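Engineer: sequence plus predicted model, see below.
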Amino acid sequence: MQMLVVKPIARWQIWLGKWLGILSLNAALLALTGACVYGLLLWRAAKLPAAEQAILNNEILVARGSLKEKSPDDVIKTEAEQVLQDRLKQNPVTTVDLPEVRKQILEQVKAAYQIVPPGYERQWKIDLGWRAKLLRDQPLQLRVKFNSAAKSPSGTFDVLWQVGVPQKTKLWRTEEPMSLAPDTFHEFTITPDLFDEKGVLTITMVNPNNTALLFPLNEGMEVLYHEGGFGLNFARGLGIILCWMALLSAIGLASACFLSFPVAAFFSLGILAMAFSTGTLASVVSEGTIMSRSSETGKLSSSVVDVVVVPFFRAALGLINLAKGFSPIDSLSSGRSISWAELSLAFGQIVLLLGGIFAVFGIFIFNRRELAAGQATQ
């Protein structure tokens, strides 16, 4: 490094040159590994029976877009706040207990949108938007998941389905109840052109069991449709992984600008470990304290340290989610489409924003650092 900085080259150019060199090496290794994985996957898939190959090509080795019902989070929060205000008028609570009461009411209101009691039905209206014209004459897949507090002797529950609106659209319904297991995802294909003139697909579920079923808001119902092939989708997934590697390279170089090699390695590993601890960070942020619940009262304790730790965890969680929000592994393993827009957003958030922050910090430290100190001679 001392031999490089005496050259007529700006230090920021040296830093970026090293980052690009590491990134190029990572890209070459990632391309080689990705090609081997892709070839091995196709080779192993070709050895499966024809029926299993058809399932694999329709559900996994494909790029499928997904649509969900519009999130009712804002409506739920509004209703929960109204219920809270009504309850406070009748039974006032202390300031300390207010967050816990608000959380309980929010969960109660949310449960009303998720739980389907015995003998009742639940309806989803999913707007296909501009995609409705492109999805004409194409079959769609429904991906559903539900939970149950009670267990059935067979381990499954009967579910009746109807897609479409009588006398307005084509109808698809199950003549016999589907026997589905709880706490797992189920996919099944429905016939084409079941949406109305506005592109709204109406899905109705009837619960004939003696037990209530709970369909989570985020993953209870999803419509999947064909968007493209697996090869290009796999390449876009590798592109997101390369964005992660670019960020890790920037973190390593930035830490090496002011730390020794062993300490820089531990510092980078520490940041990586924090990225894998988002569950703990989110729990601390949601509860507002790092302390545990009291064994006597069952209430959360508080600490003076929370004043510093909780805001730090909240900021760290926000930054980590900018990168961790993109998961090509989950998408590829379930046949989901990784769009060019998602790849571009990943590049912007992970490489340009987060990587740029570490790059600016690393270049600043590198410009200020004295690499060789002259020694006086006698």
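Structural biologist: In hand now; what should we look at?

Engineer: find the centremost residue of this structure, please.
Structural biologist: What sits nearest the mean C-alpha location of the chain, by CA atoms, centre = their mean, is Gly325, with 4.8 Å.

Engineer: quick one: residues contacting that residue.
Structural biologist: Gly325 is in contact with Gln349, counting by CB atoms under 8 Å, 6 or more residues apart in numbering. Placement of C-beta: from N, CA and C, glycine included.

Engineer: please redo it, this time with the cut-off set to 10 Å
Structural biologist: Neighbour list for Gly325: 342, 345-346, 349-350 [criterion: CB atoms under 10 Å, 6 or more residues apart in numbering].

Engineer: next one: Asp330
Structural biologist: Asp330 neighbours (CB under 10 Å, 6+ apart): 237, 336.

Engineer: any idea which element it lies in?
Structural biologist: Asp330 is part of helix 328-333 when elements are defined by DSSP states H and E.

Engineer: flag every buried residue along that helix.
Structural biologist: Residues of helix 328-333 classed as buried: 328, 331-332 (neighbour count, 16 or more other CB atoms under 10 Å).

Engineer: tell me where the model's unsure across the stretch 151-300 of the chain.
Structural biologist: Low-confidence segments of the stretch 151-300 of the chain (pLDDT under 70): 291-300.

Engineer: and the helix or strand following the helix holding Asp330, what's buried?
Structural biologist: Downstream of helix 328-333, the next assigned helix or strand under DSSP H and E is helix 340-346. Within helix 340-346, the residues that count as buried by 16+ other CB under 10 Å are 342-343, 345-346.

Engineer: same check on stretch 149-165?
Structural biologist: Result for stretch 149-165 [16+ other CB under 10 Å]: buried residues 157-165.

Engineer: just give me the closest of the residues you listed to Val309.
Structural biologist: Nearest to Val309, judged by CB to CB, of those is Phe157 at 43.5 Å.

Engineer: just how off-centre is the helix holding Asp330 within its chain?
Structural biologist: Relative to its parent chain, helix 328-333 has a centroid offset of 10 Å by CA atoms, centre = their mean, to the nearest Å.

Engineer: may I have that helix as PDB, with CA atoms only?
Structural biologist: The C-alpha trace of helix 328-333 is given here as PDB (Å, rounded to 0.1, in the frame of the first residue of the first chain):
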ATOM      1  CA  PRO A 328     -33.700 -14.700  -3.800                       C
ATOM      2  CA  ILE A 329     -33.500 -18.100  -2.000                       C
ATOM      3  CA  ASP A 330     -37.100 -18.000  -0.900                       C
ATOM      4  CA  SER A 331     -38.300 -16.800  -4.300                       C
ATOM      5  CA  LEU A 332     -36.400 -19.400  -6.300                       C
ATOM      6  CA  SER A 333     -37.300 -22.300  -4.000                       C
END
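
Engineer: ok, which stretches of the chain are strands?
Structural biologist: Assignment of strands within the chain using DSSP state E yields the ranges 63-67, 115-116, 121-127, 140-144, 147-148, 157-163, 172-173, 178-180, 186-190, 200-206, 213-214, 221-228.

Engineer: can you list those in TSV and add distance to Leu354?
Structural biologist: Converted to TSV, the strands of the chain look like this (distance: least, CB to CB, whole Å):
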stretch	distance to Leu354
strand 63-67	26
strand 115-116	39
strand 121-127	33
strand 140-144	31
strand 147-148	35
strand 157-163	42
strand 172-173	45
strand 178-180	41
strand 186-190	35
strand 200-206	37
strand 213-214	36
strand 221-228	28
